[in-house]
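Enquirer: Let me see the structure of the following:
(2 chains)
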Protein chains: 2
Amino acid sequence: MTKHMVRDFENLKKKVLGLGGVVEEAINNAILALLDRRHDLAEEVISGDRQIDIKELDLEEDCLKALALYQPVAGDLRFIIAVLKVNNDLERMGDLAVNIAERASYLSVHPPLKVSLDFAQMVTGVRRMVRDSLDALIRMDTNLARTVLTMDDEIDSINRDMYISLQELMKEDSATVERSVHMLSTSRHLERIADLCTNIAEDVVFMVDGDLIRHRTEDYRKPIPPDRN
Amino acid sequence: MTKHMVRDFENLKKKVLGLGGVVEEAINNAILALLDRRHDLAEEVISGDRQIDIKELDLEEDCLKALALYQPVAGDLRFIIAVLKVNNDLERMGDLAVNIAERASYLSVHPPLKVSLDFAQMVTGVRRMVRDSLDALIRMDTNLARTVLTMDDEIDSINRDMYISLQELMKEDSATVERSVHMLSTSRHLERIADLCTNIAEDVVFMVDGDLIRHRTEDYRKPIPPDRN
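Expert: From the prediction side, this is the model:
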């Protein structure tokens, strides 16, 4: 690797992590807007999306330039392809944060739903998946990446429970239909963010090991247990 | 371009179009399963997804090999990057077909919903977007691709109307809640398929012209009107 190449690759890494930070903040703010019924914060997330879109386009152009200029092979090629994919996933996570913020904006000016949901647990789980998938990326930590993959099932299961509870609520009290549908959508958006975290985790494994692990059965996705000695 | 390179690039094109054909069939069958209440066809779509996943992995590996082997620049590089993205979008469209098939499978064994929806128009619109985006890809037709981009607004608008109608239905008759929620999801999956068609259309424009048109305002996305002379 030439000095220029090292510098440009470092720059790509810096930019993807920078974008990751902005997207993580958007997700956290969207969730906060929802939990604290903060219309102002929701609007902030919505208007901030343009910045994420611009960063995504900029990083994609950098990746294409690096591909054309350095014509990388093996691990270096995988690195750039993985950055391209993570870039795309982060932008979609930003869109989902906007979707949640839009629901939060609606819900903030309507009476709260009186229903017991595992929402706090879902939010905590999704936040952790966002944090851990980005940490795995920063540290190129495939074991942490594989841990992220195992967390997705819990989120799917909470999402299913949310559907059941909210359907019950709508049946009992038809006045809750609109708000319940907004909550259903929020739950689904969170579940989609978790899915995209697993994409990033898969890209980290691919970047480091060259393994394409998506679409595999569970066994391939589990973290490798630490040595006994 | 060497003879080998021409052959391998043709092969990538053939494979992405092959995958496009399989995904288009999955979407059409999922819609048919829903409209004709055919449980068997829904199951066929669900079990067929594995084939789509395998094709996606195979094509991605071919793209990475071509990048490493030919170290393409300019239009050739854009071509491979676009194939990588379209490949990813098609796989996601396959997943959405499965989601629709799962809803169709549930709805086929429950009484039909008695509600007047613009569902036929939505289905026709989405089918046309799938067909046109793949045609634009086959023919590298940027004008057709830009037409696809203008079709998305109509689908979004029908999706919003579906939400309103189904919420009304749930409020009037609580016995329809589960089925209505399944229909809401189906509508949303169709809308997401339309979104992915616009991604493919954007990739075609990028492939041919090198223009990154996503996240742009409407004016950039409209088809260029034919010359007056």
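Enquirer: Residue ranges in chain A under the pLDDT threshold?
Expert: Counting by pLDDT under 70, the ranges of chain A that qualify are A:212-229.
Enquirer: buried stuff in the longest helix along it?
Expert: Identified as the longest helix of chain A according to DSSP state H is helix A:74-108. Residues of helix A:74-108 classed as buried: A:76-108 (neighbour count, 16 or more other Cβ atoms under 10 Å in any protein chain shown). Just so you know, the C-beta spots here come from the backbone N, C-alpha and C atoms, and that holds for glycine as well.
Enquirer: Also within reach of chain B: list those from the residues you listed.
Expert: A:Leu77, A:Arg78, A:Ile81, A:Leu84, A:Lys85, A:Asn88 (Cβ under 8 Å from any Cβ of the partner chain).
Enquirer: between those residues, which is nearest A:Ile31?
Expert: A:Asn88 (22.3 Å; Cβ to Cβ).
Enquirer: which residues does that closest one contact?
Expert: Residues counted as contacts of A:Asn88 (Cβ atoms under 8 Å, 6 or more residues apart in numbering or on different chains) are A:Glu56, B:Lys85, B:Asn88.
Enquirer: any idea which element the first one lies in?
Expert: This points to A:Glu56. helix A:39-70 (DSSP states H and E).
Enquirer: Between helix B:39-70 and that helix, find me the angle.
Expert: Orientation check (axes from the mean of the first three to the mean of the last three Cα atoms, to 10 degrees): helix A:39-70 against helix B:39-70 gives 50 degrees.
Enquirer: So for helix A:39-70, what gets flagged as buried?
Expert: A:41-42, A:45-46, A:48-49, A:52, A:55-57, A:59-60, A:62-64, A:66-67, A:70.
Enquirer: from those, which are also near chain B?
Expert: A:Glu56, A:Leu57, A:Glu60, A:Leu64, A:Leu67.
Enquirer: so the fourth one sits right up against B:Arg78, yeah?
Expert: Pointing back at A:Leu64 there. Yes: between A:Leu64 and B:Arg78 there is a contact under Cβ atoms under 8 Å: 7.5 Å.
Enquirer: ok, the nearest residue to A:Leu113 once chain neighbours are set aside to chain B distance?
Expert: Of all residues not flanking A:Leu113 in the chain, A:Arg179 sits nearest, at 5.3 Å (Cβ to Cβ, 6 or more residues apart in numbering or on different chains). Relative to chain B, A:Arg179 is positioned 10 Å away (Cβ to the nearest Cβ, to the nearest Å).
Enquirer: Provide a list of residues in contact with A:Arg179.
Expert: Counted by Cβ under 8 Å, 6+ apart, A:Arg179 has contacts A:Leu107, A:His110, A:Pro111, A:Leu113.
Enquirer: so which of the ones next to chain B among the buried residues of helix A:74-108 would you say is closest to chain B?
Expert: Distance to chain B across those (Cβ to the nearest Cβ) is lowest for A:Leu77, with 5.6 Å.
Enquirer: The closest one and B:Lys171, how far apart?
Expert: Applying Cβ to Cβ, to the nearest Å, the value for A:Leu77 to B:Lys171 is 55 Å.
Enquirer: So what's the gap between the helix holding A:Glu56 and the chain middle?
Expert: 15 Å (Cα atoms, centre = their mean, to the nearest Å).
Enquirer: ok and that helix relative to helix B:74-108, angle-wise?
Expert: Using the same axes, to 10 degrees: helix A:39-70 against helix B:74-108 is 140 degrees.
Enquirer: So which elements touch helix A:39-70?
Expert: helix A:3-35, helix A:74-108, helix B:74-108 (3 or more Cβ pairs under 8 Å, 6 or more residues apart in numbering or on different chains; DSSP states H and E).
Enquirer: Tell me which of those approaches A:Arg127 most closely.
Expert: helix A:3-35 (6.8 Å).
Enquirer: got the buried residues for the closest one?
Expert: Applying 16+ other Cβ under 10 Å to helix A:3-35 flags A:8-9, A:12, A:15-16, A:19-20, A:22-24, A:26-34 as buried.
Enquirer: Repeat that for stretch A:193-212.
Expert: Result for stretch A:193-212 [16+ other Cβ under 10 Å]: buried residues A:193-208, A:212.
Enquirer: So A:Lys114: helix, strand or coil?
Expert: coil (DSSP: H, G, I helix; E, B strand; the rest coil).
Enquirer: Can you tell me how far it is from A:Ala175?
Expert: With Cβ to Cβ as the criterion, A:Lys114 and A:Ala175 are 11 Å apart.
Enquirer: which of those two has more neighbours?
Expert: Counted by other Cβ atoms under 10 Å in any protein chain shown, A:Lys114 and A:Ala175 do not tie: A:Ala175 has more neighbours, with 11 against 8.
Enquirer: give the contact list for the more buried one.
Expert: B:Lys171.
Enquirer: A:Met122: neighbour count?
Expert: 23.
Enquirer: Leaving out chain neighbours, which residue sits closest to it?
Expert: Using Cβ to Cβ, 6+ apart, the closest residue to A:Met122 is A:Ile158 (4.4 Å).
Enquirer: Does the one you found belong to a helix, a strand or coil?
Expert: helix.
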